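>>> No letters, just coordinates:
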């Protein structure tokens, strides 16, 4: 079954972490995927791997190395409302899950990218059809180091908009 990575990030320990989707592990099957994270050590061996998801299709889209480990983000089906939401999961350097959280409204959100900020904050971006001026809007969520949402915003007009990338500015914002 096919598996793929959306991103491979070199890590400060000399290895890397790769994130994407799998149809081979977790709930993944011939038609649906699960989010997939694989930490590779400096020798090229798998240090740890994790999946997230349900019987639907979920994917890991972005990864950030933080002082205390790795923040993996993407989209997952919310256990609260059964629709796709922004999803983030924090692993420590050894691959132990520290927390997971969902962000969004009552409709559909897809997290596409993320960026780390000072003081262990992060910003996730993508699209939302819960918070919109039209069909779907760009959606941005700021979270703290414990995965708590501290701010969100949506941008767009009457059509379909989605944020595919985000970066820090020179002033740290």
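Arrived safely, thanks for sending. Note that the coordinates shown come from a computational prediction; the quantities given were computed from them, not determined experimentally.
>>> can you pull up the bridge partners for the spatially most central residue of the chain?
In the chain, the centroid-proximal residue (CA atoms, centre = their mean) is residue 73; its distance is 1.0 Å. For residue 73, the beta-bridge partners are residue 62, residue 88 (DSSP bridges).
>>> per-residue confidence at it?
You'll see residue 73 listed with a pLDDT of 97.
>>> From residue 55, how far out is it?
21 Å (CB to CB, to the nearest Å). In short, each C-beta sits where N, CA and C put it, glycine included.
>>> same deal with residue 163?
Residue 163 is 28 Å from residue 55, by CB to CB.
>>> which of those two has more neighbours?
Of the pair residue 163 and residue 55, residue 163 is the one with more neighbours under other CB atoms under 10 Å, namely 22 against 12.
>>> got the contact list for that one?
112, 113, 125, 126, 127, 138, 139, 140, 155 (CB atoms under 8 Å, 6 or more residues apart in numbering).
>>> Tell me how far the last one lies from residue 9.
Which is residue 155. Taking CB to CB, one finds residue 155 at 27 Å from residue 9.
>>> quick one: the strands in this protein?
Counting by DSSP state E, the chain has these strands, from start to end: 3-10, 16-22, 34-40, 46-52, 59-66, 69-77, 84-91, 97-103, 109-116, 122-128, 137-143, 149-155.
>>> which outside residues touch the last one?
Right, strand 149-155. Here strand 149-155 has contacts from 101, 103, 121, 128, 131-133, 137-144, 161, 163, using CB under 8 Å, 6+ apart.
>>> okay, and for the chain, where does confidence drop off?
1, 28 (pLDDT under 70).
>>> Around residue 38, count how many other residues there are.
Counted by other CB under 10 Å, the residues lying close to residue 38 total 21.
>>> Show me the beta-bridge partners of it.
residue 18, residue 49.
>>> can I assume residue 4 is in contact with residue 19?
No: in this structure residue 4 lies outside contact range of residue 19 using CB atoms under 8 Å: 10.1 Å.
>>> The two: which is more packed in?
residue 19 (24 against 12).
>>> Quick check: that one touching residue 37?
Yes: between residue 19 and residue 37 there is a contact at 4.9 Å, judged by CB under 8 Å.
>>> can you list residues touching both of these two?
Common neighbours of residue 19 and residue 37 (CB under 8 Å, 6+ apart) are 60, 63, 72.
>>> Name the member of the contacts of residue 163 with the most neighbours.
Busiest of the contacts of residue 163 [other CB under 10 Å] is residue 139, holding 30 neighbours.
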